[in-house]
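Test case, fold it:
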Amino acid sequence: LHLTLAFLGDSTEAPLATNKARIIGLVKEWAATQGRQLQGTINGLGRFFHAEDDHTNAVFVSPDVPGLPELRQSLCEAIERAGFDYSNTHGFTPHITVAYVPIDAPTPAIRIETPVQFDAVTLAWGDEHIHERMGARVGMKDAAADDAAALLEQELARAQRLGREAQRHE
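Below is the predicted model of the structure:
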């Protein structure tokens, strides 16, 4: 599960493929100097009605995290300053996809409300994932963060199960 801040494109195509070390350095530098840990709540449900190649729609939970749009903007500006592009074919809709359901299936009845903390950024380079912690810690105590993570994991597993059940009924 992830929340995408910026999509840079296919890592096998130039200029990304020839600049991997530079992009990794950019993300690490941004995380250390401008990235900051945020906390909020996952408490919304949505669905993108754009059809995927397999004739499904993405069902997602949405985070309410103060500062998240500004954090993303900061990263996008760092990417641009470094001379790289990111996808801007649509606006930023923070979301965590939990299931794909057939186009004509109803949206699964998912209710989730749980605290969430974003404390790291990951650069996904194909199958490789480079993780970097962001800035100074803000907010939750470790035990509270662990409890919230466990609750989130349970709720998201339930949401994914509901999505799979909706697909099987079609």
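
What strands line up against the lengthiest strand in the chain, and which way round?
Criterion DSSP state E: the longest strand present in the chain is strand 38-48. Take DSSP bridges as the rule and strand 38-48 pairs in its sheet with strand 56-64 (antiparallel), strand 114-118 (antiparallel).

Output those strands in a markdown table, with mean pLDDT and mean neighbour count appended to each entry.
For every residue, glycine as well, the C-beta is placed using N, CA and C. Shown next, in a markdown table, are these (pLDDT from 0 to 100; neighbours: other Cβ atoms under 10 Å):
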| stretch | mean pLDDT | mean neighbour count |
| --- | --- | --- |
| strand 56-64 | 96 | 20 |
| strand 114-118 | 94 | 20 |
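
Of these, give the one that comes closest to residue 72.
Closest to residue 72 of the strands paired with strand 38-48 is strand 114-118 (Cβ to Cβ; 10.7 Å).

Any idea which of the strands paired with strand 38-48 gets closest to residue 127?
That would be strand 56-64 among the strands paired with strand 38-48, by Cβ to Cβ, at 21.2 Å.

Just after the closest one, pick out the following helix or strand.
Remark: after strand 56-64, the chain's next helix or strand is helix 68-81, criterion DSSP states H and E.

How far away from the center of its chain is the helix or strand following that following helix?
Downstream of helix 68-81, the first helix or strand assigned by DSSP H and E is strand 96-102. Centroid separation between strand 96-102 and its chain, computed with Cα atoms, centre = their mean, to the nearest Å, is 13 Å.

same question, stretch 1-20
Distance, centroid of stretch 1-20 to centroid of chain: 14 Å (Cα atoms, centre = their mean).

Outline the domain layout of the chain.
For the chain, the structural domains run 16-139, 140-169, going by the TED database.

Let me have those domains in TSV, extended by distance to residue 9.
Conversion of those to TSV gives the following (distance: least, Cβ to Cβ, whole Å):
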stretch	distance to residue 9
domain 16-139	6
domain 140-169	27
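
Worst mean pLDDT among those domains?
Lowest mean pLDDT of the domains of the chain: domain 140-169, a mean of 67.

could you check the angle strand 96-102 makes with the longest strand of the chain?
10 degrees (axes from the mean of the first three to the mean of the last three Cα atoms, to 10 degrees).

what are the C-alpha coordinates of strand 38-48, in PDB please?
The C-alpha coordinates for strand 38-48 follow below in PDB (Å, rounded to 0.1, in the frame of the first residue of the first chain):
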ATOM      1  CA  LEU A  38       2.900  14.400   9.000                       C
ATOM      2  CA  GLN A  39       0.000  12.800  10.800                       C
ATOM      3  CA  GLY A  40      -3.700  12.700  10.200                       C
ATOM      4  CA  THR A  41      -6.600  10.300   9.800                       C
ATOM      5  CA  ILE A  42      -7.700   7.900   7.100                       C
ATOM      6  CA  ASN A  43     -11.400   8.400   7.100                       C
ATOM      7  CA  GLY A  44     -12.800   8.600   3.600                       C
ATOM      8  CA  LEU A  45     -13.700   6.200   0.800                       C
ATOM      9  CA  GLY A  46     -13.700   6.900  -2.900                       C
ATOM     10  CA  ARG A  47     -13.700   5.300  -6.300                       C
ATOM     11  CA  PHE A  48     -12.100   6.300  -9.500                       C
END
